[in-house]
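Enquirer: Sequence plus the predicted model coming up.
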Amino acid sequence: MAKEKPAPAQKTFTLTNDQTGKSVKLPVLDGTIGPPVIDVRKLYEETGHFTFDPSFTATGSCKSRLTYIDGEEGILMHRGYTIEELTKHSSFLEVAYLLLYGDLPTQKEFDAFEHNITYHTMVHEQINYFYRGFRRDAHPMAVMCGVVGGLSAFYHDSLDIWDPKQREISAHRLIAKIPTLAAMTYKYSIGQPFVYPRNDLSFAENFLYMCFALPAEPYKINPVLANAMDKIFILHADHEQNASTSTVRLAGSSQANPFACIASGIASLWGKSHGGANQEVLEMLDEIGSIDRIPEFIKRAKDKNDPFRLMGFGHRVYKNRDPRAEVLKGAADEVLDDLGIDDPMLDIARELERIALQDEYFIERKLFPNVDFYSGIILRAMGFPTSMFTVLFALARTVGWISQWKEMIEEPSLRIGRPRQLYTGPAQRPYVPIAKRK
Ligand code: ACO
């Protein structure tokens, strides 16, 4: 009889307290690829210490099978497929299926999924009245935080997060309705009537149609724009455990409903260090104004006493190249060529990139153009105002957020997220009545 192979020994990491000399062995866990992690879950129990990692730069917050990033090599993969392959061969809806269910769909599975998404694109008519409560000049992200959170007031039949069917319906509703809400947000901001979705169009075509069609005239779909829009959506679909995704997971860990969780992700994405950066890129390019002023802005970016940063440069994880930026650089050329637009911003962007990539400061700090650097130029050429850029990012990222949320809820060991802290406030002190305080 063949002997059973002995189980491989558990890898460990030994941590020694220099004061007491006591050691503790911590388990080391391996993923499929990527660096191993030290499992510190029992650290407090065994040593009385917590770990300290305020911006989570060295902390794995969960196990995930969705997205893999190698920041040093500039690799981004969803479920094992590189972003380059996906943007070349796939479509946003297929990537959405991949993220949500784990594998690429068969034709039959894809047809059913596409049908489900298409037939959930309309929103409850009552939601239209929400919009009227907002000022027309409200930032579209402010409106999106409100209306997406508001969805949980409309779809009570899919809020039981422990029922897999209801989770699936909520996921389909979110993926399908976010474009409708995003387009309504845009139409409201410019004082035009809402355009209802058209189920005969593809996901990207329908979105462009809802944004740019007018009741007074027919709308012609431009396939180059629809293709670029689809690429932009794929490139923003998921990005591992970034700030907004971690926000969605943390909100979801308390068993909040998925619509509320996605609203929390939208709030987190709004910030200019995250999703707000492509708007900032265009504002920066506008401010630079001409190629001869680039050196002045490079100088400012390097000056520690000046808060100015080159927007669209640098990334917390990518330290070599952002593979998404390279795909977009090509797409920017295609879109501007097709529209016959000669945008001086693109020339400034290209020259800024060229100069920065040769500059010691940027080389030393591994600062490269990120996904936001070129996406703004494309979106502006398509006709979107800068204030809508982050909304489009949120639209695409909803797929990643809801897939990450679903993965977390399906994890048997799900517990509410609860980071600890290093308390640096005063130790206990007696209460002094107000009359006696100095
Ligand atoms: N311009 C000039 N200097 C920069 C820039 C920049 N864009 N980014 C980082 N640096 C410098 C910092 O001043 C710091 O220098 P120092 O070591 O001399 O102090 C060094 O590079 C490291 O910077 P950190 O802030 O520690 O890097 P971190 O990883 O925390 O920040 C971030 C990443 C927030 C993206 C940053 O590079 C940045 O602010 N970039 C501009 C905003 C932007 O484009 N955000 C979009 C990110 S992508 C996304 O969310 C989809």
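Expert: Yes, it's here. As the structure is a computational prediction, the values presented were derived from the model and not from experiment.
Enquirer: Show me what from the stretch 251-400 of the chain comes close to the ligand.
Expert: By CB under 6 Å from any ligand atom, the residues of the stretch 251-400 of the chain that approach the ligand are 273-274, 277, 301, 309-316, 365, 367, 370-372. Where you see a C-beta, it was placed from the backbone N, CA and C, and this is true even at glycine.
Enquirer: Please pick the buried ones from those residues.
Expert: Buried by 16 or more other CB atoms under 10 Å: 274, 277, 301, 309-315, 367, 370-372, out of these.
Enquirer: Show me how far stretch 248-261 is from its chain's centre.
Expert: Distance of stretch 248-261 from its chain centroid, counting by CA atoms, centre = their mean, to the nearest Å, is 16 Å.
Enquirer: Would you mark the buried spots in it?
Expert: For stretch 248-261, burial by neighbour count (16+ other CB under 10 Å) applies to 248, 249, 250, 251, 252, 253, 256, 257, 258, 259, 260, 261.
Enquirer: one step back: if we only consider the buried ones among the residues of the stretch 251-400 of the chain next to the ligand, which is nearest to residue 75?
Expert: Using CB to CB, residue 315 comes nearest to residue 75 of those, at 13.1 Å.
Enquirer: which residues does the residue nearest to the closest one when sequence neighbours are not counted contact?
Expert: Nearest non-adjacent residue to residue 315, counting by CB to CB, 6 or more residues apart in numbering: residue 370, 4.8 Å away. Taking CB atoms under 8 Å, 6 or more residues apart in numbering, we find residue 370 in contact with 277, 312, 313, 314, 315, 318, 322, 324, 325.
Enquirer: start to end distance for stretch 15-31?
Expert: Taking CA to CA, to the nearest Å, stretch 15-31 runs 21 Å from one end to the other.
Enquirer: how about it: buried residues?
Expert: Applying 16+ other CB under 10 Å to stretch 15-31 flags 15, 24, 26 as buried.
Enquirer: okay but the first one is in contact with residue 24, surely?
Expert: The reference is to residue 15. Yes. Using CB atoms under 8 Å, residue 15 is in contact with residue 24, at 5.3 Å.
Enquirer: any common contacting residues for these two?
Expert: Jointly contacting residue 15 and residue 24 under the rule CB under 8 Å, 6+ apart are 43, 47.
Enquirer: before we move on, back to that, adding secondary structure, write the buried ones among the residues of the stretch 251-400 of the chain next to the ligand out as CSV.
Expert: What follows is these, written out as CSV (DSSP: H, G, I helix; E, B strand; the rest coil):
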residue, secondary structure
274, coil
277, helix
301, helix
309, coil
310, coil
311, coil
312, coil
313, strand
314, coil
315, coil
367, coil
370, coil
371, coil
372, helix
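Enquirer: OK, contacts around the residue in the stretch 251-400 of the chain positioned nearest to the ligand?
Expert: Per CB to the nearest ligand atom, residue 314 is where the stretch 251-400 of the chain lies closest to the ligand, at 2.3 Å. Under the criterion of CB under 8 Å, 6+ apart, the neighbours of residue 314 are 365, 367, 368, 370.
Enquirer: Give me the local confidence score for it.
Expert: For residue 314, the pLDDT comes out at 90.
Enquirer: do residue 3 as well
Expert: The model's pLDDT for residue 3 equals 68.
Enquirer: where does the residue nearest to residue 235 when sequence neighbours are not counted land in three-state SS?
Expert: Nearest non-adjacent residue to residue 235, counting by CB to CB, 6+ apart: residue 324, 4.4 Å away. Three-state assignment for residue 324 (three-state DSSP): helix.
Enquirer: Tell me who's in contact with residue 324.
Expert: With CB under 8 Å, 6+ apart, residue 324 has these contacts: 76, 83, 235, 236, 370, 371.
Enquirer: what's around the first one, how many residues?
Expert: To tie it back to what came earlier, the one meant is residue 76. 25 (other CB atoms under 10 Å).
Enquirer: again with the fourth one
Expert: Other residues within reach of residue 236, judged by other CB under 10 Å, total 25.
Enquirer: Need phi/psi at it.
Expert: Main-chain torsions, residue 236, degrees, to the nearest 10: phi -110, psi 10.
Enquirer: With that, I have no additional questions.
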